[in-house]
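Colleague: need a 3D model of the sequence below.
(one chain, ligands or ions: 2)
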Amino acid sequence: MIVLGIESSCDETAAAVYDTSKGLLASVVRSQIADHAPYGGVIPELAARKHLEAIIPVTREAIQQAGLSLAETDGIAATYTPGLIGALLVGLSFAKALAWSLHCPFIGVHHLEGHLLSPFLDTAVTAPSFPFIALIVSGGHTSLYKVSDFGNYHLLGKTVDDAAGEALDKAGKLLGLPYPGGMAIDTLTREAGNRNAYDFPIGLNQRDNLNFSFSGLKTSLVYRLKKMGLVPRSGMVPPIDPPLLQDLAASYQEAVVSALIRKASFALQETGLADLVVTGGVASNHRLRERLVKKAEKEGVRIIFPDKAYCTDNAAMIAFAGTLRLKAGQRHDLSLNAVSRLPLESI
Ligand code: KG4
Ligand code: ZN
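Modeller: Ligands and ions are numbered 1, 2, ... in the order given. Alright, predicted model coming up:
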């Protein structure tokens, strides 16, 4: 079975082709980072417009890369939730129109199911064994799931306010770093910065639940900067000397990473499971990886980081999840609408 997957939930326009016998045949991602960078964050209206411009060329490129014609696809899959409504509607409407014109089945995919299944796409990493714990950590999501099987997901905890990537992006913006701040903070702190220079709070630090909270972290950075005489104007502080900037960024990043590792560890302990998949844009963070690798060596757990290409938003994970659902006989009719938020367990 050959499935074309379409993803447009946030600021990446993506198309991919997955073949159940040959694996991933093509994956094309066009990022809008440069379009949103001047605004310091994703502008929903702009995202939808950029998806409209990119959706046809990106899909054409994926079909060409796969060496197929559109008529050879057996099904079309597209992200329908969660995400920015205007952005979702572009990919979803396009995918439904394609399915209608090709007379082939259509399936809407939950974006987080795509992320949870991303380790199965990376043939270079050993696939996790069911059941496993998955930490999805991106600009829009920070959630812990127990994955018992394909289609069997149990939410263990999630952020009650900001996502971890959002917390890093907000700090980056405040510190005058380029967008997206998470990536910029990572780059800035790879070679320099004292991560113990400042003490930042870890939200919901107690053991009794697996939820996260990151909103207090940004507030604490604002207070610290004000104390230093660095008062934000238009959401940004005046230029900071590099050593101080590196120490602040490294300490802030350490608090985010500590929160993620703490709750992921509790999830492993509580469930007695030994496989942890870490996926989403923040999974590329060098400090998160460094600490988790050490943890794995010390505690005999297995940490699986899918390749960055499958961690950040892509359509390969949507095509793969769509293939599994179509193979299981599931279909959506063409009245399926975009939904901005929908718990994964409810699908
Ligand atoms: O998964 P993703 O591409 O899109 C969604 O948010 O769904 O993740 C983007 C997020 C942004 O917040 C970005 O700052 C963060 O991932 N990010 C990183 C790194 N690369 C991307 N955060 C920390 N370290 C990185 N290397
Ligand atoms: Zn995502």
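Colleague: please, where are all the helices along the stretch 101-250 of the chain?
Modeller: 111-117, 164-174, 181-189, 215-227, 242-271 (DSSP state H, counting those that start in this stretch).
Colleague: hey, which of those helices is tucked in deepest?
Modeller: helix 111-117 (a mean of 27; mean count of other CB atoms under 10 Å). C-beta coordinates here come from the backbone N, C-alpha and C atoms, glycine included.
Colleague: ok, and does that helix reach over to ligand 2?
Modeller: No: remark: helix 111-117 sits outside contact range of ligand 2, by CB under 5 Å from the ion, the gap being at least 5.6 Å.
Colleague: now that helix, how far from the chain's geometric center?
Modeller: Here helix 111-117 is found 9 Å from its chain centre; the criterion is CA atoms, centre = their mean, to the nearest Å.
Colleague: who touches that helix?
Modeller: 7, 9, 79, 81-83, 134, 136, 138, 141, 143, 145, 147, 150-151, 153, 277, 279-280, 313, 317-318, 320-321, 324, 344, 347 (CB atoms under 8 Å, 6 or more residues apart in numbering).
Colleague: select, out of the helices of the stretch 101-250 of the chain, the one closest to Ala99.
Modeller: helix 111-117 (18.0 Å; CB to CB).
Colleague: so for the closest one, what's the average pLDDT?
Modeller: For helix 111-117, the mean pLDDT works out to 96.
Colleague: whatever residue of the stretch 201-347 of the chain ends up closest to ligand 2: neighbouring residues, count only.
Modeller: Closest to ligand 2 within the stretch 201-347 of the chain is Asp313: 4.5 Å, counting by CB to the ion. When neighbours are defined as other CB atoms under 10 Å, Asp313 has 27 of them.
Colleague: now the helices of the stretch 101-250 of the chain in CSV, with distance to ligand 1?
Modeller: Converted to CSV, the helices of the stretch 101-250 of the chain look like this (distance: least, CB to the nearest ligand atom, whole Å):
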stretch, distance to ligand 1
helix 111-117, 8
helix 164-174, 3
helix 181-189, 2
helix 215-227, 13
helix 242-271, 8
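Colleague: span of stretch 185-203 from start to end?
Modeller: One end of stretch 185-203 to the other measures 20 Å (CA to CA, to the nearest Å).
Colleague: then stretch 114-134?
Modeller: 12 Å.
Colleague: quick check: buried residues in that stretch?
Modeller: Within stretch 114-134, the residues that count as buried by 16 or more other CB atoms under 10 Å are 114-122, 127-128, 131-134.
Colleague: cool, and stretch 23-40?
Modeller: Leu24, Leu25, Ala26, Ser27, Val28, Val29, Arg30, Gln32, Asp35, His36, Gly40.
Colleague: Gly272: which of those residues is nearest?
Modeller: Leu24 (32.6 Å).
Colleague: so that closest one touches Ile2, yeah?
Modeller: No: checked against CB atoms under 8 Å, the pair Leu24 and Ile2 is beyond contact range at 11.1 Å.
Colleague: and for the two, which residues touch both?
Modeller: Val17, Tyr18.
Colleague: near ligand 2, which residues of the protein?
Modeller: By CB under 5 Å from the ion, the residues of the chain that approach ligand 2 are Ser138, Asp313.
Colleague: 6 Å instead?
Modeller: His111, His115, Ser138, Gly280, Asp313 (CB under 6 Å from the ion).
Colleague: and which of those is nearest to Leu52?
Modeller: Asp313 (17.3 Å).
Colleague: chain neighbours aside, what residue packs nearest to the closest one?
Modeller: Glu12 (4.2 Å; CB to CB, 6 or more residues apart in numbering).
Colleague: tell me the contacts of the one you found?
Modeller: Contacts of Glu12 by CB under 8 Å, 6+ apart are Val29, Arg30, Ser31, Gln32, Thr312, Asp313, Asn314.
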